[in-house]
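In: This is the structure alone, sequence omitted:
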């Protein structure tokens with residue numbers, strides 16, 4: 001059983017993500033296409049857009065320093081890609097079920113990305129998933145809004161475990177073997 005202190009950061013981050021998701025979904029329901037387009041074009045390094053500032057002041061007052069604002073802008077940009085595709089599904093499982101092993105290199109790049117590369121890798125995968133009609137916001141939020149390195153590593157581990165478990169499950173379901181292919185040069 002986890003202590004309330006241990007569970008607090010996840011719930012705290014999850015509440016932040018959910019508030020942003022609800023705000024972006026509200027823009028979509030209100031058919032505010034211009035605002036959504038502005039959020040999709042947002043440059044997280046310099047997020048100067050009225051739609052973002054309105055969303056920030058109403059739903060992300062916790063973003064006080066430049067780094068928090070940039071990470072929030074990156075997440076909002078991802079959420080605005082395709083609001084109707086937003087889901088709570090696991091990012092790792094969605095990647096495995098949607099693309100199988102063909103995206104493994106991209107998944108590894110996301111999981112190993114440093115602070116500078118993480119937003120770009122997240123956006124690349126988000127665009128691919130949104131194109132397939134699924135956009136798991138919870139894990140993107142956990143990656144981008146992680147309050148510290150430990151929370152970021154927990155998020156990465158959860159995504160990795162979900163991805164490779166789902167791949168393993170799909171391999172078993174299709175009856176394919178995981179035996180290595182022999183290489184005549186080595187054998």
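Out: On my side now, so go ahead. These numbers come from a predicted model, not from an experiment.
In: any idea how far residue 50 is from the residue sitting nearest the centre point of the chain?
Out: With distances taken as C-alpha atoms, centre = their mean, the residue of the chain nearest its centroid is residue 140 (1.9 Å). Per C-beta to C-beta, to the nearest Å, residue 140 is found 24 Å from residue 50. Any C-beta I mention is one placed from the backbone N, CA and C, and that applies to glycine too.
In: With residue 148 instead?
Out: 32 Å.
In: pLDDT weak spots in the chain?
Out: The model of the chain has pLDDT under 70 over residues 1-13, 170-187.
In: secondary structure class for residue 68?
Out: Under DSSP: H, G, I helix; E, B strand; the rest coil, residue 68 falls in the helix class.
In: Not counting residues beside it along the chain, what's closest to it?
Out: The shortest distance from residue 68 to any non-neighbouring residue, by C-beta to C-beta, 6 or more residues apart in numbering, is to residue 62 (7.1 Å).
In: now the helices for the protein?
Out: Counting by DSSP state H, the chain has helices at residues 4-29, 33-40, 50-59, 66-79, 91-99, 104-112, 118-131, 137-144, 149-174.
In: Residue 103 - how many residues pack around it?
Out: 18 (other C-beta atoms under 10 Å).
In: residues near the residue lying closest to it once chain neighbours are set aside, how many?
Out: Closest residue to residue 103 apart from its sequence neighbours, by C-beta to C-beta, 6+ apart: residue 95 at 5.9 Å. By the criterion of other C-beta under 10 Å, residue 95 has 28 neighbours.
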